[in-house]
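Engineer: what's the 3D shape of this:
(one chain, ligands or ions: 1)
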Amino acid sequence: MNQENIRVRFAPSPTGPLHIGGVRTALYNYLFAKKNKGKFLLRIEDTDQTRFVPGAEEYILEAFKWCGIEFDEGIGKGGPFAPYKQSERSEIYKQFVDQLLESGDAYFAFDTPEELSAIRKQFESEKKTFTYNATERNKLKNSLSLSKAETAELLENNAPYVIRFKMPENKVVVMNDLIRGRVEVNTRVLDDKVLFKSDGLPTYHLANVVDDHLMEISHVIRGEEWLPSLPLHVLLYEALGFEKPEFAHLPLLLKPDGNGKLSKRDGDRLGFPVFPLEWTDPKTGAVSSGYREDGYFPEAFINMLALLGWNPGDERELFTLDELAESFTLERVGKSGSKFDAEKAKWFNHQYLIQKSNEELATLFLPVLEQEGVETDFSKVVQVVGLIKERAHFVSEFWEQSAFFFKAPETYDAKAVKKRWKAQSYDQMAELKEILSGIDVFTSENTETITKAWIEKKEYGMGAIMNAFRLLIVGAPKGPHLFDIIAIIGKQETLERLERGLNKLGKKES
Ligand code: GLU
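Structural biologist: Numbering: from 1, shown residues only. Take a look at the predicted model:
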């Protein structure tokens, strides 16, 4: 295939928020287009008006914007094949369904939903499953079983109808999938799918095939859940005389335990988001969490998704979007489903977090500090972030990890006091306060050298001093290197915290 002609698409139906599996499908399409210098377009498949959900289309656009996935054509972009929204293309499909009626590949069916459900029930009572197919169609109410005159009369009287595909009888459809290889299906197991509905709109199958053809799509890359539709699509391409695109059906994203597909309905039930952005259900008001609101960096989210189903062929795990596009091939997409791993998702975020400059992280941290009522200068925040970022997965953890840099402890961890505030601690800390107050150059190195020399000289024991000292400065047995902390909070604050701690904890009776 000429690389110039590579054209792929992502074609969501706006039936709700985009699932992360959908984002991954779009991502693989994007990467494939980039790698092959092709075009990537966004088409909205909204022919099923009964499933339309307000806000879903806007959500989809916002999600891709956040992810950094850009389209070359389509919704929000325009292009030579506009409109890219199927509900605005209804005129276009009519001629193709007429073509199929003309060639005898489609027919009118007048069975009402009530009639079909009664037949279905009848079949069930005989422990059989009803399929609208070659065996049954002649017993039903359609233009194949009725005479020409009867059909014409029904149409004239505006009797409600659908148009069905006339599935060939007992034919083996041979398909090639770029991930799965050769796939064969006998049409015996397929039904006469509805292609066009009484509301004048096509169903997904017809609209999808027609649009992929008209929009000159070279590769259909989509989720494995569409593989069962492939034989029908292939037959439609043939019946319409269209050249077929290549097909690649991507393996599913699975629940962490590998038991079944990760679905939209999983919501927050499994303890992690299944949507890129937070979503509020317009009907129920129920809120489902999103990666963006949970504090993920879009680069980390994308990197994590890319590796759920594709591998670069070596041990590398960290890729920018450009690097992914450089390395991506469909050959390296696996055949089996990929289990979602929530811990790994956090790991990716941590990797991106530690790569960011302290200035960038400090900027992200500032609003939290403001909310906590902290007034401080930016250079201090930059220093603090540098000391704590190795321990965090998210910026949202920074406050918990660093509050003591900005506020003196109000309470002292009871367990630590019991264990670490000893009979001699009061006098030793009072002495340390004197030592520290005599240090003019209050750097981490300087205070550490002088304090340690004092401890050694007095034979106080490093552990005992450092534990009590940390308790007075931090309030709990946590945090980075203590001398780094006091260098950042400064001499005056260090002395004040020692003074306050001495007063609060007092002398312990031996
Ligand atoms: N509209 C379908 C969906 O919602 C598109 C399937 C396809 O890519 O062909 O997923």
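Engineer: Low-confidence ranges, the chain, go.
Structural biologist: Scanning the chain for pLDDT under 70 picks out 1-4, 510.
Engineer: residues in it within reach of the ligand, list them.
Structural biologist: Taking CB under 6 Å from any ligand atom, the part of the chain that reaches the ligand is made up of Ala11, Pro12, Ser13, Glu45, Tyr204, Asn208, Arg222, Trp226. The way it works is simple: take the backbone N, C-alpha and C, and place the C-beta from them, glycine included.
Engineer: Please flag which of those residues sit within helices.
Structural biologist: If you go by DSSP state H, the residues of the chain next to the ligand have Tyr204, Asn208 in helices.
Engineer: Tell me who's in contact with Asp192.
Structural biologist: Ala109, Tyr132, Asn133, Ala134, Arg137, Arg164, Phe165, Lys166, Met167 (CB atoms under 8 Å, 6 or more residues apart in numbering).
Engineer: With secondary structure as extra columns, can I get the residues you listed in TSV?
Structural biologist: TSV is the format used below for the contacts of Asp192 (DSSP: H, G, I helix; E, B strand; the rest coil):
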residue	secondary structure
Ala109	strand
Tyr132	coil
Asn133	coil
Ala134	coil
Arg137	helix
Arg164	strand
Phe165	strand
Lys166	coil
Met167	coil
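Engineer: Of these, which is the nearest to Asn349?
Structural biologist: In terms of CB to CB, no member of these lies closer to Asn349 than Phe165, at 46.9 Å.
Engineer: My read is that the closest one contacts His233, right?
Structural biologist: No - if you go by CB atoms under 8 Å, Phe165 and His233 don't touch, sitting 10.5 Å apart.
Engineer: Give me the common contacts of the two.
Structural biologist: Shared contacts of Phe165 and His233, counting by CB under 8 Å, 6+ apart, come down to His205.
Engineer: Looking at these two, which is more packed in?
Structural biologist: The residue with more neighbours, out of Phe165 and His233, is Phe165; 24 against 21, by other CB atoms under 10 Å.
Engineer: The more buried one and Asn133, how far apart?
Structural biologist: Going from Phe165 to Asn133 by CB to CB, to the nearest Å gives 11 Å.
Engineer: Any chance of the residues of the chain next to the ligand in JSON lines with neighbour count and distance to Glu153 as columns?
Structural biologist: As requested, the residues of the chain next to the ligand are exported to JSON lines (neighbours: other CB atoms under 10 Å; distance: CB to CB, whole Å):
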{"residue": "Ala11", "neighbour count": "24", "distance to Glu153": "39"}
{"residue": "Pro12", "neighbour count": "23", "distance to Glu153": "41"}
{"residue": "Ser13", "neighbour count": "19", "distance to Glu153": "36"}
{"residue": "Glu45", "neighbour count": "19", "distance to Glu153": "35"}
{"residue": "Tyr204", "neighbour count": "19", "distance to Glu153": "31"}
{"residue": "Asn208", "neighbour count": "24", "distance to Glu153": "33"}
{"residue": "Arg222", "neighbour count": "24", "distance to Glu153": "42"}
{"residue": "Trp226", "neighbour count": "16", "distance to Glu153": "38"}
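Engineer: In TSV: the residues of the chain next to the ligand, plus distance to Gly241.
Structural biologist: Listed next are the residues of the chain next to the ligand as TSV, based on distance: CB to CB, whole Å:
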residue	distance to Gly241
Ala11	22
Pro12	28
Ser13	27
Glu45	23
Tyr204	21
Asn208	17
Arg222	23
Trp226	23
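Engineer: Closest one of the residues of the chain next to the ligand to Val381?
Structural biologist: Nearest to Val381 among these: Pro12, at 40.4 Å, using CB to CB.
Engineer: which SS state does the closest residue to the closest one other than its chain neighbours fall under?
Structural biologist: Leaving aside its sequence neighbours, Pro12 sits nearest to Ile60 (CB to CB, 6 or more residues apart in numbering; 5.6 Å). At Ile60 the chain is in helix, as set by three-state DSSP.
Engineer: give me phi/psi at the nearest residue to Arg89 once chain neighbours are set aside?
Structural biologist: Distance criterion CB to CB, 6+ apart; nearest residue to Arg89, sequence neighbours excluded, is Pro83 at 5.8 Å. Main-chain dihedrals, Pro83, degrees, to the nearest 10: phi -80, psi 160.
Engineer: cool, Val162 as well?
Structural biologist: Taking degrees, to the nearest 10, you get phi -130, psi 160 for the backbone angles of Val162.
Engineer: Test my guess that it contacts Gly200.
Structural biologist: No - counting by CB under 8 Å, Val162 stays clear of Gly200, with 11.1 Å between them.
Engineer: For these two, indicate the residue with more neighbours.
Structural biologist: Val162 (20 against 10).
Engineer: Report the contact partners of that one.
Structural biologist: Contact analysis of Val162 by CB under 8 Å, 6+ apart lists Phe108, Ala109, Val194, Leu195, Phe196, Lys197, Ser198.
Engineer: which residues sit in contact with the residue nearest to Leu482 when sequence neighbours are not counted?
Structural biologist: Closest residue to Leu482 apart from its sequence neighbours, by CB to CB, 6+ apart: Arg470 at 5.3 Å. Applying CB under 8 Å, 6+ apart to Arg470 gives the contacts Pro477, Gly479, Leu482.
Engineer: Show me what counts as buried in stretch 365-377.
Structural biologist: By 16 or more other CB atoms under 10 Å, the buried positions in stretch 365-377 come out as Phe365, Leu369, Val374.
Engineer: Check the gap between the second one and Gln428 for me.
Structural biologist: As defined by CB to CB, Leu369 lies at a distance of 33 Å from Gln428.
Engineer: Ile163 belongs to a strand, doesn't it?
Structural biologist: Yes - Ile163 forms part of a strand when assessed by three-state DSSP.
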